[in-house]
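Below: sequence and its predicted model.
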Amino acid sequence: MELEASEVEAEKFKSKKTNITDSWMKKHSSIYKEATRHPFILSIRDGTIDSPSFKKWLGQDYIYVRAFVPFVASVLVKACNELDDSSDTDIILGGLASLNDEITWFKEEASKWEVSLTSVVPQRANLMYCSFLKSLMRSEIEYTVAVTAFWAIETVYQDSFSHCLEDGSKIPEELRETCQRWGNNGFGQYCHFLQNIVDRCLEKASIDIIAKAERVFITVLEHEVEFWNMSKGEI
Ligand SMILES: Cc1ncc(CO)c(N)n1
């Protein structure tokens, strides 16, 4: 049986028992950097962001988070159906529960910025990203693949907004709360819990599932870049 290049790669990981997610972050460092050090994020960090761009991101991300809720719920269902009795469900349930407060936060932030959430029209990049999420909710999508997407999605925001909070940043005071929402250490710890789940699943996974999960990891990063481009007003 002829193995694809990515499957050959995956075989190497299985034999070396390397921490697969860290090796992906290195292997795909350029797209990972595009997703986590995007000009939109850098404009928040250096305080040059204009309010129309921020308001556009706020409205679009509210729509995204509404679609993220059923996706996270589908990951929880997949975790519950996993044979081994693991604490994954507690961690994923915690993430799902936090989305309730997140949606409240979006509504409060939107009224602060006078953004009418009910009249936001989802842009193409957002629609594409949300339909990608929906595609991962199908029952035939394996838990390992779905939880890889969940980890990647959360990690991009954590890495992006924690960068905005680092020493030397000049974030406008009115954006500090937004940066802290995803950039705080507690969320960083949560993302590491998710990363541990992903690595544990990948260690047990078949070669083709590992390759599929890696492709989903890359696709999440690509959608995140398009989402930031959209927020910055680039088509
Ligand atoms: C587009 C996008 N990616 C990731 C997150 C993190 O939940 C979010 N809120 N929005």
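Right, received. Where do you want to start? All values reported here derive from a predicted model rather than from experimental measurement.

And the lengthiest helix in the chain, how far out from the chain middle?
Counting by DSSP state H, the longest helix found in the chain is helix 51-80. Averaged C-alpha coordinates place helix 51-80 at 9 Å from its chain's average position (CA atoms, centre = their mean, to the nearest Å).

How about the contacts made by the residue in the chain that the ligand sits nearest to?
Scanning the chain for proximity to the ligand using CB to the nearest ligand atom identifies Y157 as nearest, at 3.9 Å. In short, each C-beta sits where N, CA and C put it, glycine included. Taking CB atoms under 8 Å, 6 or more residues apart in numbering as the contact definition, Y157 lies against W182.

one step back: now tell me what touches the very next helix or strand once past the longest helix of the chain from outside.
Towards the C-terminus, the helix or strand next in line after helix 51-80, according to DSSP states H and E, is helix 88-112. Residues from elsewhere that reach helix 88-112 (CB under 8 Å, 6+ apart): 58-59, 61-62, 65-66, 68-69, 72-73, 75-76, 79-80, 82, 115-117, 147, 150, 154, 177-178, 181, 190, 193-194, 197.

check those residues against the ligand, which are close?
Of the entries in those, the ones placed beside the ligand under the rule of CB under 6 Å from any ligand atom are D61, V65, F68, E154.

show me the contacts for the residue nearest to the spatial centre of the chain.
The structure's the chain has its C-alpha centroid closest to I153; by CA atoms, centre = their mean the separation is 0.9 Å. If a contact means CB under 8 Å, 6+ apart, then I153 has F68, V220, E224 as its contacts.

Could you say which helix or strand holds it?
Going by DSSP H and E, I153 is in helix 143-165.

list the buried ones in that helix?
Applying a neighbour-count criterion of 16 or more other CB atoms under 10 Å, one finds 143-165 buried in helix 143-165.

ok, which residues in the protein are in contact with the ligand?
By the criterion of CB under 6 Å from any ligand atom, the positions of the chain lying close to the ligand are D61, Y64, V65, F68, I153, E154, V156, Y157, E224, F227.

what's around the fourth one, how many residues?
Meaning F68. 22 (other CB atoms under 10 Å).

Wait, it touches L133, no?
Yes - under the criterion of CB atoms under 8 Å, F68 is in contact with L133, at a separation of 6.6 Å.

where does this structure dip in pLDDT?
Along the chain, segments meeting pLDDT under 70 span 1-3, 6-7, 9-18, 85, 234-235.

hmm, 90 instead?
1-18, 83-87, 231-235 (pLDDT under 90).

For M137, what are phi and psi?
When quoted as degrees, to the nearest 10, the phi and psi of M137 stand at phi -80, psi -10.

That one and S23: what is the separation?
The gap separating M137 from S23 is 27 Å, by CB to CB, to the nearest Å.

Could you do F40 as well?
For F40, the distance to S23 equals 28 Å [CB to CB].

who has more neighbours, the two?
Between F40 and S23, counted using other CB under 10 Å, the more crowded position is F40 (22 against 15).

Now do the contacts for the more buried one.
Here F40 is in contact with I49, S53, W57, W228, N229, S231, K232 (criterion: CB under 8 Å, 6+ apart).

May I ask which helix or strand encompasses the fourth one?
Assignment of secondary structure by DSSP H and E places W228 within helix 207-231.

So which other helices or strands are in contact with that helix?
Helix 207-231 sits against helix 5-16, helix 20-27, helix 29-36, helix 39-45, helix 51-80, helix 124-136, helix 143-165, helix 185-204, with contacts defined as 3 or more CB pairs under 8 Å, 6 or more residues apart in numbering; DSSP states H and E.
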